[in-house]
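Participant: Here's my sequence, what's the structure:
(3 chains)
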Amino acid sequence: MTLSREILAGPTLDAARALLGAYLVREAPDGAPEARRIGRIVEVEAYIGEDDAASHARFGRTPRNAVMFGPPGISYVYLVYGMYECLNVVTEPAGRPAAVLIRAVEPVAGVPAMRAARLAHALRRAGTADARLRAIARIGALMPSGLTAGPGLVAAAFDISREDTGLDLLEPSAPLRIEAGAAAVDIVATPRIGIGYAPEPWRSLPWRFTERR
DNA sequence: GCAAAGATTTGCT
DNA sequence: GCAAATCTTTGCC
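Facilitator: Residues are numbered from 1 along each chain as shown, chains lettered A, B, ... in the order given. Have a look, this model is predicted:
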């Protein structure tokens, strides 16, 4: 199934599978092609409805999650643990709160820009000179895939923040967008990460999708 | 208004 | 393998 508004408007589990293999694209602020960042989406999680005890929508509509109740294809970015931002793609028709969390991408283009953004993010948090040196060494040594191997890291590498909430990710001219790519073939479903607070059966539902490597 | 907890990542034991 | 870092969001008084 190739990515489209229709897919995102449909069942979120189908949308999540369709997002695997699609490209996350961040246009450079100055439009320089060599600084455009592109990543192939390789790990996602689905959050479906107000009944989903792991979803931000479990409290009903709130100021933070309002966009989840809106139309599909829109971005929802939230701050987690006071430190990292995470990008979601809203799914299902307006009125039904659901989204797909982008947990990891495989860098395709713009690796230097991703590394620079990861470093800038880390340096903003580093208080001491020693911490800054460690960050430079650690991030400088990362393989490209390591730059975007987690939801907070994807956001850091692509300069995604809560200000990016509400964008239409399917709009071809959007500065941050998702483009169709070669669909993932071999998909593995496992329980979602970091939701130990949720009771069963939510905690164990296989709503995390990765591409078998 | 206050307190608790969190869709994570990193560093140290 | 575990705890700290860090601050917003939400529930409750």
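
Participant: Does the longest helix anywhere in chain A reach DNA strand C?
Facilitator: Assignment by DSSP state H gives helix A:111-125 as the longest helix of chain A. Yes: using CB under 7 Å from any atom of the strand, helix A:111-125 reaches DNA strand C at residue A:125. In short, each C-beta sits where N, CA and C put it, glycine included.

Participant: Between helix A:111-125 and the next helix or strand after that helix, find me the angle.
Facilitator: Under the assignment DSSP states H and E, the closest C-terminal helix or strand after helix A:111-125 is helix A:129-140. Angle of helix A:129-140 versus helix A:111-125, following axes from the mean of the first three to the mean of the last three CA atoms, to 10 degrees, is 160 degrees.

Participant: ok, and what's touching helix A:129-140?
Facilitator: For helix A:129-140, contacts defined as CB atoms under 8 Å, 6 or more residues apart in numbering pick out A:115, A:118, A:119, A:122, A:123, A:126, A:147.

Participant: Could you rerun that using 6 Å?
Facilitator: Taking contacts as CB atoms under 6 Å, 6 or more residues apart in numbering, the residues outside helix A:129-140 that touch it are A:118, A:119, A:122, A:123, A:126.

Participant: Contacting DNA strand B as well, which ones from the residues you listed?
Facilitator: Near DNA strand B, taking CB under 7 Å from any atom of the strand as the test, the members of the contacts of helix A:129-140 found are residue A:122.
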